[in-house]
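In: what's the 3D shape of this:
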Amino acid sequence: MTQQTMQPTVRQKQSNPRIEYYKTIWKRLRKNKAAVVGGILILLFVLTAIIGPLFTTKDPSGIDILNKLKSPSAEHWLGTDNFGRDIFTRIIHGMGLTLFVGFFSVAIGGVIGVIFGIISGYYGGATDTIIMRIMDVLLAFPGIILALAIVSVLGGSLTNVIIAVGVFSIPAFARIVRGSTLTVRKLEYIDAVRALGASDMRIIFKHILPNVMSPIIVQATLRIATAVLTASGLSFLGLGAQPPTPEWGAMLSDGRSYMAEAPHMVLVPGIMIVLVVLAFNIFGDGLRDALDPKMKK
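Out: Numbers count the residues shown, from 1 in each chain. All right, here's what the predicted structure looks like:
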């Protein structure tokens, strides 16, 4: 009877290593105040992008020439643009577009880059050489120049911006994942699993991929900031979102001709781009430190 009553107690004391690992990461992340602020900002941006448009009463594309270039007021919190459109409403609706481009383009680049990186690092030899030389060619071009060339060929649209940003994100993921895969594949347990008859696909997706997820997550977080900046730059040049889409880069482009009489047209979208990029960068830096196994508690 004593053994039966004590057995559940022993089981309760046993902790899940994965849960303990996540708790350790969370403790490290909480100690980084800048990363916490960045995470809170990202959460606010995402919530605003999801539910913000539901609470706006004005049409983001509605033209009201009689109220053009109005300064911030009780009726128009952030003023109006050269067509009389409410800038606050356009900022709220544009946030969803900005985050969508950032997340989706990085997802495309990440998936393709991870596949190339794992294949290159796992098989090595000629496969590794061919894949890495292709990545070197892509890395030879500055990201914005490569994206600019792709959009110039495909044409200016939000979809093509996502494709362009995704393509220039591939090499960064591929190189990071390749380096991590080269380290993991040399571990003894990989040899043991292979000796037991596991297929290459099982080894890659069951044993290698979970062990290289930390650098992938960090790279994705930091890459979103780059994607947002690049997409805004392309829209500023007229190669991204087309009017009257409320995209922040396009709003900056519209406001540059009115900087003297209506500086809010440039300041508001410019500040929002800076805040989003800064939030992802500082959160990514903190996440990298938290996921680093060499960090001291």
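
In: Distance check, Asp289 against Thr226.
Out: Distance of Asp289 to Thr226, computed by C-beta to C-beta, to the nearest Å: 19 Å. The way it works is simple: take the backbone N, C-alpha and C, and place the C-beta from them, glycine included.

In: out of the two, which sits in the more crowded spot?
Out: Thr226 (21 against 15; other C-beta atoms under 10 Å).

In: wait, that one sits on Ile144?
Out: No: Thr226 is beyond contact range of Ile144, at 9.3 Å (criterion: C-beta atoms under 8 Å).

In: For Ile63, what are phi and psi?
Out: phi -90, psi 130 (degrees, to the nearest 10).

In: Check what pLDDT the closest residue to it other than its chain neighbours gets.
Out: Nearest residue to Ile63, sequence neighbours excluded (C-beta to C-beta, 6 or more residues apart in numbering): Phe83, at 4.7 Å. Phe83 carries a pLDDT value of 92.

In: repeat for Asp285
Out: 91.

In: so who does the nearest residue to it once chain neighbours are set aside touch?
Out: Take Asp285 and drop its neighbours on the chain: the residue closest to it by C-beta to C-beta, 6+ apart is Ala35, 6.8 Å away. Applying C-beta atoms under 8 Å, 6 or more residues apart in numbering to Ala35 gives the contacts Leu29, Ile282, Phe283, Asp285, Gly286, Leu287, Asp289, Ala290.

In: and which of those is nearest Leu154?
Out: Proximity of the contacts of Ala35 to Leu154 (C-beta to C-beta) peaks at Phe283, which lies at 31.2 Å.

In: looking at this, the closest one is in a helix?
Out: Yes: assessed by DSSP: H, G, I helix; E, B strand; the rest coil, Phe283 belongs to a helix.

In: That one contacts Gly39, doesn't it?
Out: Yes: the pair Phe283 / Gly39 is scored as a contact, 5.0 Å apart, by C-beta under 8 Å.

In: And the two? Which one has more around it.
Out: Phe283 (27 against 20).

In: Could you find the closest non-adjacent residue to the more buried one?
Out: Gly38 (3.4 Å).

In: Ok, Met265 next?
Out: Closest to Met265 by C-beta to C-beta, 6+ apart is Gly255, at 3.0 Å.

In: neighbours of that neighbour, just the number please.
Out: Neighbour tally, Gly255, other C-beta under 10 Å: 22.

In: what does Ser71 give?
Out: 12.

In: try Leu97
Out: The burial count for Leu97: 21, using other C-beta under 10 Å.

In: There's contact between it and Thr245 in this structure, I believe.
Out: Yes: Leu97 lies in contact with Thr245 (C-beta under 8 Å); the separation is 6.9 Å.

In: list residues touching both of these two?
Out: Common neighbours of Leu97 and Thr245 (C-beta under 8 Å, 6+ apart) are Leu158.
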